[in-house]
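[1] Turn this into a model:
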Amino acid sequence: MLSGRHWHECGYLILYITARPDMQQRMVVSWLAQHNFPHGMVAFMDGLSAEPLRQKTNYLRQLVHEVRNIISHIAVLEV
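    Alright, predicted model coming up:
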């Protein structure tokens, strides 16, 4: 399996999704850097959740949906 570092070096945008609230941004970004994770965007969730995995899954589904919409609009503009 290829690592995040491989994809970062290939020019891809790395997105870290955490269920932590954005008030912990400094701590999370610092931890990623200290553990040598490649630079990327960090998405935080609103509030606290009793089901963080479900919260992150729903966020990722919404993101995929939005990206597909953007791609379809670009395809229409190119025609």
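[2] CA only for contacts and neighbour counts going forward, please
    OK.
[3] Just the pLDDT at V79, thanks.
    Per-residue pLDDT puts V79 at 61.
[4] before we move on, what about M1?
    Note on M1: pLDDT of 68.
[5] Repeat that for V28.
    pLDDT recorded at V28 is 96.
[6] where does the protein have low pLDDT?
    Applying pLDDT under 70 to the chain flags the ranges 1, 78-79.
[7] residue ranges for the helices of it, please.
    For the chain, helices defined by DSSP state H occupy the ranges 4-9, 25-34, 52-78.
[8] Could you export the ones you listed to a markdown table, including columns for mean neighbour count?
    Shown next, in a markdown table, are the helices of the chain (neighbours: other CA atoms under 10 Å):
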| stretch | mean neighbour count |
| --- | --- |
| helix 4-9 | 14 |
| helix 25-34 | 12 |
| helix 52-78 | 12 |
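[9] As TSV, those with distance to T18 would be great.
    Output for the helices of the chain, formatted as TSV (distance: least, CA to CA, whole Å):
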stretch	distance to T18
helix 4-9	16
helix 25-34	9
helix 52-78	7
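[10] so who does the closest residue to T18 other than its chain neighbours touch?
    Closest residue in space to T18, ignoring its immediate chain neighbours: F44 at 5.4 Å, by CA to CA, 6 or more residues apart in numbering. By CA atoms under 8 Å, 6 or more residues apart in numbering, the contact list for F44 reads I17, T18, A19, R20, P21, D22, Q25.
[11] which stretch among the helices of the chain comes nearest G40?
    helix 4-9 (8.2 Å; CA to CA).
[12] Quick one: residues in contact with the closest one.
    L13, I14, F37, P38, H39.
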